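Trainee: Here is a sequence together with a model predicted from it:
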Amino acid sequence: MNMTRFSPENPEVRSMIRRRLIRFSREEDGVLTIFTIFMMFMLLMVCGIAVDLMRNEMERVKVQNTLDRAILAAADLQQTQLPDDVVKDYFKKAGIEEYLGDITVTPGDNLPTNYFRTVEAFARARTASPYMAMTGVDDLPLYVAGKAEEVVSNLEISLVLDVSGSMNSNSRLVNLKVAAKDFVDQIVNNSQEGRMAISIIPYATQVSVPDNIAEALDLEGVNEHSNCINFEAGDFETPGMRVPSDEAGAPAVVPYERTMHFDPWTYNSALSSGDGRYSDPHELVRRPVCEADSKREVLALQKDRDILKNYIQALTARGNTSIDIGMKWGTALLDPSLQPVVDDLIADGSVSAQFDPRPAAYNSDEYLKVIVLMTDGANTSQYYIENGYRVGQTDIWWNSEEETYSVYDDDEEEFFYSRHFDTNGDGNVWQNDRWGNAPYGCYNPSDSKDPEDWDCSPGVEDGGAYNISFPSLWAHTPIKENYYTNYSPWMSGAATPWYYNVFDSVGSGTKNSRTNDICAQAKQNGIVVFTIGFEAPESGQTVLRNCASSASHFFDVDGLEIADAFTAIAHEITQLRLTQ
């Protein structure tokens, strides 16, 4: 068959094509079809480009999420694997290890106990773009980057721990010790030498401080045995302490009132039960409001894990609950007003010289101040001795050889002798009450009313006697025992002057208000406050919720959950964050 007749080179063919094109151009039929085909083509191209871009973005998000998780895990100071290996492992398990680029770790020694760790990583890839290929773009680039760091600032931490009597129930004290010691380990592990200081404030009815802190504060009042402060309402409206200055010409400060060493709880009926020191009257009362016990005194500014953990392990529980006083001391040990006291502690060797000057100023960007406040209860009564019964001599005499009190009766101008101790050691309390013209153990042949005429020396018959001061009376004799034994048998209406007027208390409502005040002061000055309600009643939880820096800073836990709370707080303190 001859095909040349259909070739475009054939003049007849070219003429035919020309005629048909001219006719087609003159006809209007089919114009809309061409436009529609063109628009559909453009729409398909635009949609295709959108699909290509969407696929690229989905892949970018996947890679970014993988990178973020990888660098967060690698930057964790508790991570035991090498940071580079951690990042690579994440990408390998995601099936995109070929995308991973450079990884930079600072510092580069990869130790898990560094002060800080920064991990920076990059990922690069290209995704196919079949639709955009029609425009000449065969693939799209994908770039992701991220930096994560865990930083432990210079830390000042106050652990404010409830050691009231209820902590003996349900293994609470046991569980607290385990959780608090683990907390110390976590903080120490994630801190650089000299950058972390923990103070532990055990609180019950009161907060006891060691002699060196009490001496630095120059407390007002006689108490040779223990160191606590009767804070007033205004003291909870400021975070700091009134500290005497050694500078010449410095204005004097009003000293704090020292809590007396006394027992407001024990009844006379407890004398034979061992609930006191009564089998040996030379001992101090065993249930004082303010305790002279190193295991229950404040431990200030320590960095050594063994010292901290041994101290926690030795904690004992008894007494009432004073959240307000615990929080006051927790805040005070973070307040720069205490720097002169810390200087004294450094000078006597009880605090490391690395902590000079501390507590740091509140406005320092290099310091993180934290309080962890824990209780299993709610505020209860706090007791104090009233004025008039704090200083000076009583009208009571004591014969230490015969273990006999003598009480002067103003109306009769005679002495009532009260002998009431378990001297036989058989648990039987016995009394030998009688009247005389002088204290039992004093010789008064002339029946004189002037003590200067008496011979009360130890060498006289019955062993001698001496006048007791108020501080000494309360340190060795519970208030209720003194009233029941020394006054009630012979004095009409003895309860008012020798019981109700002797001491008073601060109730739970006032203490809740004081707790709110000191918590507000702490937060206003940038202290981060975590609170833990450990099987606490609703009233106690309310106080803790109000005290915490936020709702997420409050933990309501039972049993072994307290360990989880302390672990979460430790992680929050050594906070892990994406910085880019």
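Mentor: Right, received. Where do you want to start?

Trainee: Could I get the contacting residues of Val87?
Mentor: Leu67, Ala70, Ile71, Ala74, Leu100, Ile103, Val119, Ala121 (CB atoms under 8 Å, 6 or more residues apart in numbering). For every residue, glycine as well, the C-beta is placed using N, CA and C.

Trainee: what helix or strand is the nearest residue to it once chain neighbours are set aside on?
Mentor: Using CB to CB, 6 or more residues apart in numbering and skipping the chain neighbours, the partner closest in space to Val87 is Ala70 (4.3 Å). If you go by DSSP states H and E, Ala70 is part of helix 31-75.

Trainee: can you check Ala520 too?
Mentor: Short version: Ala520 belongs to helix 508-524, going by DSSP H and E.

Trainee: and for that helix, what are the contacting residues?
Mentor: Contacts for helix 508-524 (CB under 8 Å, 6+ apart): 231, 233, 236-239, 322-324, 327-328, 330-331, 334, 371, 378-382, 529, 539, 543, 546-547, 549.

Trainee: Likewise for stretch 337-357?
Mentor: 193-194, 197, 210, 212-213, 215-217, 239-246, 300-303, 332, 336, 358-359.

Trainee: For that stretch, give the mean pLDDT please.
Mentor: For stretch 337-357, mean pLDDT is 89.

Trainee: One more: stretch 210-222?
Mentor: 89.

Trainee: which of the residues in that stretch are buried?
Mentor: Neighbour-count burial for stretch 210-222 flags Asn212, Ile213, Ala214, Ala216, Leu217, Leu219, Gly221, Val222 (criterion: 16 or more other CB atoms under 10 Å).

Trainee: Distance check, the closest residue to Asp335 other than its chain neighbours against Thr542.
Mentor: In space, Asp335 comes closest to Gly240 once its chain neighbours are excluded; the distance is 4.0 Å by CB to CB, 6+ apart. Distance, Gly240 to Thr542, by CB to CB, to the nearest Å: 27 Å.

Trainee: for Gly194, same thing?
Mentor: 39 Å.

Trainee: what do you get for Ala347?
Mentor: 43 Å.

Trainee: With Phe231 instead?
Mentor: 22 Å.

Trainee: neighbour count winner among those two?
Mentor: Phe231 (22 against 14; other CB atoms under 10 Å).

Trainee: Run through the residues that contact that one.
Mentor: Phe231 touches Tyr256, Asp324, Ile325, Lys328, Arg514, counting by CB under 8 Å, 6+ apart.

Trainee: Surely the first one touches Leu217?
Mentor: Spelled out, that is Tyr256. Yes - between Tyr256 and Leu217 there is a contact under CB atoms under 8 Å: 6.2 Å.

Trainee: Tell me the bridge partners for the residue most central in space within the chain.
Mentor: The chain has Val372 as the residue nearest its centroid, 1.5 Å off, counting by CA atoms, centre = their mean. Counting by DSSP bridges, Val372 forms beta bridges with Leu159, Phe530.

Trainee: pLDDT at it, what is it?
Mentor: 97.

Trainee: how near is it to Phe183?
Mentor: Val372 is 8 Å from Phe183, by CB to CB.

Trainee: Common neighbours of the two, please.
Mentor: Common neighbours of Val372 and Phe183 (CB under 8 Å, 6+ apart) are Leu159, Phe566, Ile569.

Trainee: All the helices of this protein, residue numbers only.
Mentor: Counting by DSSP state H, the chain has helices at residues 11-26, 31-75, 83-93, 172-189, 211-217, 305-313, 323-332, 339-347, 470-476, 479-481, 495, 508-524, 538-547, 561-573.

Trainee: In JSON lines: these, plus distance to Glu461.
Mentor: Below are the helices of the chain laid out as JSON lines (distance: least, CB to CB, whole Å):
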{"stretch": "helix 11-26", "distance to Glu461": "150"}
{"stretch": "helix 31-75", "distance to Glu461": "83"}
{"stretch": "helix 83-93", "distance to Glu461": "85"}
{"stretch": "helix 172-189", "distance to Glu461": "51"}
{"stretch": "helix 211-217", "distance to Glu461": "40"}
{"stretch": "helix 305-313", "distance to Glu461": "51"}
{"stretch": "helix 323-332", "distance to Glu461": "49"}
{"stretch": "helix 339-347", "distance to Glu461": "50"}
{"stretch": "helix 470-476", "distance to Glu461": "24"}
{"stretch": "helix 479-481", "distance to Glu461": "27"}
{"stretch": "helix 495", "distance to Glu461": "35"}
{"stretch": "helix 508-524", "distance to Glu461": "52"}
{"stretch": "helix 538-547", "distance to Glu461": "58"}
{"stretch": "helix 561-573", "distance to Glu461": "62"}
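
Trainee: quick one, which of the ones you listed is packed in tightest?
Mentor: helix 323-332 (a mean of 29; mean count of other CB atoms under 10 Å).

Trainee: contact partners of that helix?
Mentor: 158-162, 199, 201-203, 206-207, 209, 231, 235-236, 239-241, 298, 338, 371, 373, 375, 378-379, 382, 511-512, 514-515, 518-519, 521-522, 527, 540, 543, 547.

Trainee: Next, give phi and psi for Gly441.
Mentor: Per-residue torsions, Gly441: phi 100, psi 0 (degrees, to the nearest 10).

Trainee: For Asn482, see how far away it is.
Mentor: 19 Å.

Trainee: Equivalent analysis for Tyr362, please.
Mentor: 47 Å.

Trainee: Which one of the two is surrounded by more residues?
Mentor: Neighbour totals were compared for Tyr362 and Asn482, and Asn482 leads with 26 against 15 (other CB under 10 Å).

Trainee: Report the separation between the more buried one and His571.
Mentor: With CB to CB as the criterion, Asn482 and His571 are 52 Å apart.

Trainee: got it, and Thr80?
Mentor: In terms of CB to CB, Thr80 sits 16 Å off from His571.

Trainee: One more: Val209?
Mentor: 31 Å.

Trainee: just Ser418 next, same as before
Mentor: From Ser418 to His571 the distance is 61 Å (CB to CB).

Trainee: in the stretch 101-250 of the chain, which spans are strands?
Mentor: Remark: strands assigned in the stretch 101-250 of the chain by DSSP state E, counting those that start in this stretch are 116-128, 139-151, 154-162, 196-203.

Trainee: Quick one: closest of those to Asp411.
Mentor: Proximity to Asp411, assessed across the strands of the stretch 101-250 of the chain by CB to CB, is greatest for strand 196-203 (44.4 Å).

Trainee: so what secondary structure elements neighbour that closest one?
Mentor: strand 154-162, helix 172-189, strand 299-302, helix 305-313, helix 323-332 (3 or more CB pairs under 8 Å, 6 or more residues apart in numbering; DSSP states H and E).

Trainee: need those in TSV with mean pLDDT, can you?
Mentor: As requested, those are exported to TSV (pLDDT from 0 to 100):
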stretch	mean pLDDT
strand 154-162	93
helix 172-189	94
strand 299-302	94
helix 305-313	95
helix 323-332	97
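
Trainee: thinking Leu72 is in contact with Ala148, fair?
Mentor: Yes - between Leu72 and Ala148 a contact is recorded at 4.9 Å, counting by CB under 8 Å.

Trainee: Near the nearest residue to Ser549 once chain neighbours are set aside, how many other residues are there?
Mentor: For Ser549, ignoring the flanking residues on the chain, the nearest one in space by CB to CB, 6+ apart is Val529 at 4.8 Å. Other residues near Val529 number 25, with proximity taken as other CB under 10 Å.

Trainee: swap in His225?
Mentor: 16.

Trainee: remind me which residues of the stretch 401-550 of the chain are low pLDDT?
Mentor: The stretch 401-550 of the chain contains residues with pLDDT under 70 at 419-433.

Trainee: Look up how far Asn387 lies from Asp504.
Mentor: 10 Å.

Trainee: er, Arg287 actually
Mentor: 23 Å.

Trainee: quick one: which of these two has more around it?
Mentor: Using other CB under 10 Å, the more surrounded residue of Arg287 and Asn387 is Arg287, with 19 against 8.

Trainee: Tell me, what's the model's pLDDT at that one?
Mentor: Reported pLDDT for Arg287: 88.
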